[in-house]
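Undergrad: A predicted structure for the sequence below; I have some questions about it.
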Amino acid sequence: MLDFAILGLLSESPMHGYELRKELVTKLGSIRAAISYGSLYPTLRRLQAAGLITEAGQSDRGSEAVPALTSRRGRVVYKITAEGKERFAELIAQAGPETYDDAGFGVHFAFFARTDRATRLRILEGRRRRVEERREGMRDVLARAAERLDAYTLELQRHGLEAAEREVRWLEELIANERSGRAPDGAVKPRDENQGG
C-alpha cells in the first residue's frame with residue numbers, strides 16, 4: 001500500500017523524502033499514524049530500481065523553499081516515470097479483497113478522487129460487506145458470551161460493535177452518493193472517467 005500511496009503522490013508533483021512523508025501522514029494519517037523514514041526510503045529505492053520513479057532536478061519542481069529539517073546537500077527529489085504512472089493506474093483500478101481491509105481501503109479511499117465510479121462502488125460495497133461480517137461476529141460474541149466477559153472486555157466489545165455500525169452507515173451513505181452521482185458533502189466531485197469528465 002505504501003507503493004500505491006507514493007506513486008499517487010508523485011503523480012501529482014515531484015517531491016523529496018521529507019515532503020513525501022509529510023504528505024503521506026497528512027493523506028493517510030488515520031491509517032498509518034507513523035510512517036517512518038526507515039520504511040519510506042527503502043520503498044523509494046525499490047520503486048526507483050523498478051523504474052517506477054526517478055530522481056528529478058530542482059528545475060522539475062520550480063523554485064520552492066527548502067522545508068525546515070532538511071538540507072540542500074542530501075536532498076533528492078523524486079518524480080514518477082511513465083512506467084510508474086501505468087503502475088499507479090493499474091493499482092487504482094484494483095478492487096479486490098485487499099482493498100476491503102483497513103489499510104488497503106484507507107489508502108484507496110485517499111485517492112478516490114482519481115478513481116472511476118465503478119471501481120469506487122466495488123470497493124465501497126466490498127468494504128461494507130467486510131465490516132458487516134465483522135459487526136455480525138461481534139454481535140454473536142456479545143449474544144453468546146456477554147455474561148462470561150468482565151465489564152471492561154464487554155465495554156470494549158460494545159465499542160467495537162458501535163464503531164462497526166457507524167462505519168456501515170457511513171459506507172451506505174457513500175454508496176448512495178456514488179449511485180446518484182453526488183460527491184460526499186463538502187468534497188470536490190470526484191472525476192468520473194466513465195463520463196468523460
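TA: Ah, there it is. Treat the numbers as computed from the prediction; the structure is a model and nothing was measured.
Undergrad: work out the gap between stretch 125-140 and the centre of the chain.
TA: Relative to its parent chain, stretch 125-140 has a centroid offset of 20 Å by C-alpha atoms, centre = their mean, to the nearest Å.
Undergrad: flag every buried residue along it.
TA: 125-128, 130-131, 134-135, 138 (16 or more other C-beta atoms under 10 Å). For every residue, glycine as well, the C-beta is placed using N, CA and C.
Undergrad: output those residues as a markdown table; include the columns pLDDT.
TA: Formatted as a markdown table, the buried residues of stretch 125-140 follow (pLDDT from 0 to 100):
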| residue | pLDDT |
| --- | --- |
| Glu125 | 96 |
| Gly126 | 95 |
| Arg127 | 96 |
| Arg128 | 97 |
| Arg130 | 95 |
| Val131 | 96 |
| Arg134 | 94 |
| Arg135 | 96 |
| Met138 | 91 |
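Undergrad: what's the closest of these to His108?
TA: Arg127 (9.1 Å; C-beta to C-beta).
Undergrad: so what's the closest one up against?
TA: Arg127 makes contacts with 99-100, 105, 171, as judged by C-beta atoms under 8 Å, 6 or more residues apart in numbering.
Undergrad: for it, phi and psi?
TA: Note on Arg127: backbone dihedrals following degrees, to the nearest 10 are phi -60, psi -40.
Undergrad: roughly how far does it sit from Pro184?
TA: 15 Å (C-beta to C-beta, to the nearest Å).
Undergrad: before we move on, back to that, most neighbours of all the contacts of Arg127, which one?
TA: Thr99 (23 neighbours; other C-beta atoms under 10 Å).
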